[in-house]
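Chemist: Here you go, sequence then predicted model.
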Amino acid sequence: MYDFCEKAQRKRWNIIMWIADGWTDYEVIDCSGGEKLERWGKYILVRPDPQVIWDTDKKAPQWKKMNGHYHRSSRGGGEWEFFDLPEQWTIQYPLCQGKNTLTFNLKPFSFKHTGLFPEQAANWDWFGEKIRNAGRPIKVLNLFAYTGGATLAAAASGAAVTHVDASKGMVGWAKENARSSGLGDAPIRWIVDDCVKFVEREIRRGNQYDGIIMDPPSYGRGPKGEIWKIEEAIHPLIRLCAKLLSDDPLFFLVNSYTTGLAPAVLTYMIATELKPFHGTVDSQEVGLPVTASGLVLPCGASGRWARE
């Protein structure tokens with residue numbers, strides 16, 4: 001958790017974005033020279049970050065005491081170098097200021113990933129409060145659901161969740177996180193499927209949802225070689241998903257890690273397709289506090305629609 005002085009300093013610098021500042025088990029200690037220095041529980045990792053184009057002095061002592069370092073290759077990809085790091089460990093997040101505790105199993109794997117995007121906690125708290133305060137049963141669809149951060153946040157807040165990801169391994173990991181979070185018996189439907197095809201089938205089946213979350217990749221390939229490019233596919237998917245909303249939807253959330261999809265672009269697409277539902281749209285960058293500077297590391301953008 002970050003203290004009042006750090007938050008006041010960010011306000012003085014007029015930093016306007018959604019900031020995931022509720023963590024105690026995770027921290028961006030510093031960032032410089034294309035890398036970020038992070039604390040995941042008691043372990044220190046150094047990973048590349050394309051947003052870190054500045055080159056400032058690396059004064060934090062943890063730069064020399066890391067447990068894992070992901071080295072990016074000039075040929076693409078890269079590899080991990082480990083220093084006394086377990087194969088797996090856990091961290092926790094106090095959802096909605098501690099109303100529930102989510103537990104995540106971390107395992108460093110290909111292309112610098114650990115199995116969690118901690119900046120998304122800013123969104124978990126947002127829709128978690130909406131679900132808690134809805135006063136009615138809420139059904140949520142989570143697309144490109146990865147290891148289940150948003151799924152667990154919605155389920156812990158009281159929603160029935162459909163979790164969809166094309167990777168069987170990621171869905172298995174999400175189930176493991178659910179069990180670790182005490183949500184093994186929560187009303188979660190686990191689906192291994194292509195997200196677009198699943199949405200199309202749900203439309204034909206007449207199923208509806210009160211909340212929809214999507215966290216699509218910038219680029220990807222389907223099981224039959226289909227190419228996904230977010231710039232070409234995201235608007236048609238938002239249009240499709242609008243057909244799955246109930247008559248009284250609660251929220252709609254789109255995340256993007258693609259530089260070209262600025263917050264205003266997300267707002268335009270969401271406002272266009274959800275106009276019949278009479279809600280409000282707000283889109284901003286999402287970020288993580290940086291302890292060393294008191295500033296914020298940008299980590300993509302989110303577009304949020306909510307019922308008026």
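Modeler: Received, thanks. None of these values were measured; they are calculated from a predicted model. Numbers count the residues shown, from 1 in each chain.
Chemist: May I see the buried residues of stretch 24-32?
Modeler: Neighbour counts over stretch 24-32 (16 or more other C-beta atoms under 10 Å) mark D25, Y26, E27, V28, I29, D30, C31, S32 as buried. To be clear about C-beta, it is placed using only N, CA and C from the backbone, and glycine gets the same treatment.
Chemist: Hmm, the last one is touching A60, no?
Modeler: No: under the contact definition of C-beta atoms under 8 Å, S32 does not touch A60, with a separation of 9.3 Å.
Chemist: For stretch 116-128, give the mean pLDDT please.
Modeler: For stretch 116-128, mean pLDDT is 98.
Chemist: Give me the residues contacting that stretch.
Modeler: Residues external to stretch 116-128 that are found in contact with it (C-beta atoms under 8 Å, 6 or more residues apart in numbering): 18-20, 22-23, 26, 91, 93, 95-97, 99-100, 102, 104, 106, 140, 146-147, 149-150, 153-154, 156-157, 211, 213, 215, 250-251, 253, 255, 286-288, 299-300, 302, 304.
Chemist: Inside helices: which ones of these?
Modeler: Judged by DSSP state H, helices contain the following of the contacts of stretch 116-128: L95, C96, Q97, G149, A150, A153, A154, A156.
Chemist: Just the buried residues of the residues you listed.
Modeler: Buried, going by 16+ other C-beta under 10 Å: L95, C96, G149, A150, A153, A154, A156, out of these.
Chemist: Looking at pLDDT only, which of these scores worst?
Modeler: Out of those, that is C96, at 86.
Chemist: The closest residue to D194 other than its chain neighbours: neighbour count?
Modeler: Using C-beta to C-beta, 6 or more residues apart in numbering and skipping residues adjacent in sequence, the residue nearest D194 is A166, 5.4 Å away. A count of neighbours around A166, defined by other C-beta atoms under 10 Å, yields 22.
Chemist: shouldn't A166 be in contact with I191?
Modeler: No: the pair A166 / I191 is not scored as a contact, 9.6 Å apart, by C-beta under 8 Å.
Chemist: ok so, going back, and which of the buried residues of stretch 24-32 is nearest E226?
Modeler: Of all the buried residues of stretch 24-32, E226 sits closest to Y26, with 34.1 Å by C-beta to C-beta.
Chemist: what sits opposite that closest one in the beta ladder?
Modeler: W40 (DSSP bridges).
Chemist: next one: I19
Modeler: Note on I19: beta-bridge partners G287, judged by DSSP bridges.
Chemist: from what I can see, D282 looks like it's in a helix, true?
Modeler: No: per DSSP: H, G, I helix; E, B strand; the rest coil, D282 lies outside any helix segment and is strand.
Chemist: residues near the residue nearest to it when sequence neighbours are not counted, how many?
Modeler: Among residues not flanking D282 along the chain, R304 sits closest, at 5.3 Å (C-beta to C-beta, 6+ apart). R304 sits with 23 neighbouring residues when counted by other C-beta under 10 Å.
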